[in-house]
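>>> Could you work out the structure for the sequence below:
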Amino acid sequence: MNSSSGQSLPLEGIRVLEVANVIAAPYAGSLLRLLGAEVVKLESPGGDPIRNWNSPRGPLPFAQINAGKQSIVVDLKAPEGRALLDQLIPTFDVFTHNYRPATVEKLGLSGETLLGLNPRLVYLSVSGYGRTGPLAGRPAYDSIGQAFSGLLSLLTPSDRMPEVGPALGDLGTGIVAAAGVMAGLVQRERTGRGTVVETSLLEGTISLISDQFSHLQATGTQFNVEARSRTSAIFPCHTADGDIIIVHLSTSQKFFEALMVALGCSHLVDDERYSTFDGRVRNHDELLTEIESFSRQWPTTKLIDVLLKADVPHTRVNSLADVMADPHIEALGMFADTDDASGMSFTGAPWSFDGRRPGGVHDWPTKGRDTNAVLGEFLTTDQIDRLRELGVIGDGRE
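Sure thing, here's the model as predicted:
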């Protein structure tokens, strides 16, 4: 689904100027681009650091997060570069950055300053710790956000060294940031005025585990990586093939009863230890042992077939390769966009509109590829050449 299909996307016609590196804020820009916005990524002469995270098929982390964007190179530390930004701002609807508060002040990039140049601008700031508070000036990356927010304590057993897996803090914050921009655009439609949207890696990551803070206050105890399975009646069951099938029984008595019948242990339905949800929580480990004594006798495909027929919520624990090869994922079209040069399949937009998923966003820009085209909207060729000679801008030829 794209403009060439004859159907417009929700953010078509919106222009975003992204002055942000690495993952969190650029991921917000990626989501806005998938929704139809034009996103121009302003990079420093050194470029986004993740351009250097290479693989045999190219800078794939950069490619995934920046597919479909344009790239211009402007040195904002140079007076001429900072002046260029002032000329750009009135031509955009959204401005995003991930600078620390001190850098914002040094470069003169506050929301008040930029909205003074464009009163309809939606200004997004994604910092590490937020603009205020005693830690506001500190640097932060995904692992810092996960650790400080408490998320990491929920993912790692307490007796082991924490191991940081996917960049959940960065990506979650990117989703929060994109939602803030869209709310700002809706507000602008109502009021005709722009707004300053602020979030941070810390705030975005905390929002991912809001239910955990409610549980802490209600019970006085914190979940850990083991407790979630017990309190939500989640049972990881091994099969005869050594696979693990996750079964989730938290909300309905019928699922527990159907599972017991499907496995051939219907006598446990009336067992007073397991007949109620509270009983299954208290006796989780014992019930898991009972279930596994049956599940380990079944090949994976047979067990999945039995659980499917019984309508029990379940799935095999998939690897990433399993996910990409799954027929259901293919039907959803989550990896439909493939870059011709690298052969890489990009993760698609997580929404559909009128039954169609936005698509067609899979190429990524070389550094400074679009500098001349973007600046050419208000500068002459001679002016662009002079700025390039001064080292203020780059156009991909350096």
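>>> residue contacts, Leu34?
Contact analysis of Leu34 by Cβ atoms under 8 Å, 6 or more residues apart in numbering lists 68, 348-349, 358, 361. Every residue, glycine included, has its C-beta placed from N, CA and C.
>>> what about the residue most central in space within the chain, which helix or strand?
By Cα atoms, centre = their mean, the chain has its centre lying nearest to Leu171, at 2.9 Å. Element membership for Leu171, per DSSP states H and E: helix 168-191.
>>> Would you mind listing the buried residues in that helix?
For helix 168-191, a neighbour-count test (16 or more other Cβ atoms under 10 Å) marks 168-182, 184-185, 188 as buried.
>>> next one: stretch 357-376
357-359, 361-365, 367-372, 374-375.
>>> Between the two ends of that stretch, what distance do you get?
End-to-end distance for stretch 357-376: 33 Å, by Cα to Cα, to the nearest Å.
>>> Give the rounded mean pLDDT of it.
Averaged across stretch 357-376, pLDDT comes to 86.
>>> picking up where we left off before, from the buried residues of stretch 357-376, which ones fall inside helices?
Cross-referencing the buried residues of stretch 357-376 against helices under DSSP state H gives 371-372, 374-375.
>>> now these in CSV, with distance to Glu203?
Listed next are those as CSV, based on distance: Cβ to Cβ, whole Å:
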residue, distance to Glu203
Thr371, 33
Asn372, 38
Val374, 31
Leu375, 34
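>>> Greatest separation within those residues: which pair is it?
Farthest-apart pair in those is Asn372 and Val374; separation 7.6 Å (Cβ to Cβ).
>>> Can you tell me the SS state at Glu203?
Under DSSP: H, G, I helix; E, B strand; the rest coil, Glu203 falls in the helix class.
>>> looking at it, it is touching Gly172, isn't it?
No: judged on Cβ atoms under 8 Å, Glu203 makes no contact with Gly172 at a distance of 10.2 Å.
>>> Find the nearest non-adjacent residue to Gly150, please.
Ile209 (6.5 Å; Cβ to Cβ, 6 or more residues apart in numbering).
>>> For that neighbour, list the residues it contacts.
Ile209 makes contacts with 149-151, 154, as judged by Cβ under 8 Å, 6+ apart.
>>> Quick check: the gap between it and Asp170.
Separation of Ile209 from Asp170 (Cβ to Cβ, to the nearest Å) stands at 15 Å.
>>> again, but for Arg316
Taking Cβ to Cβ as the measure, Arg316 falls 28 Å from Asp170.
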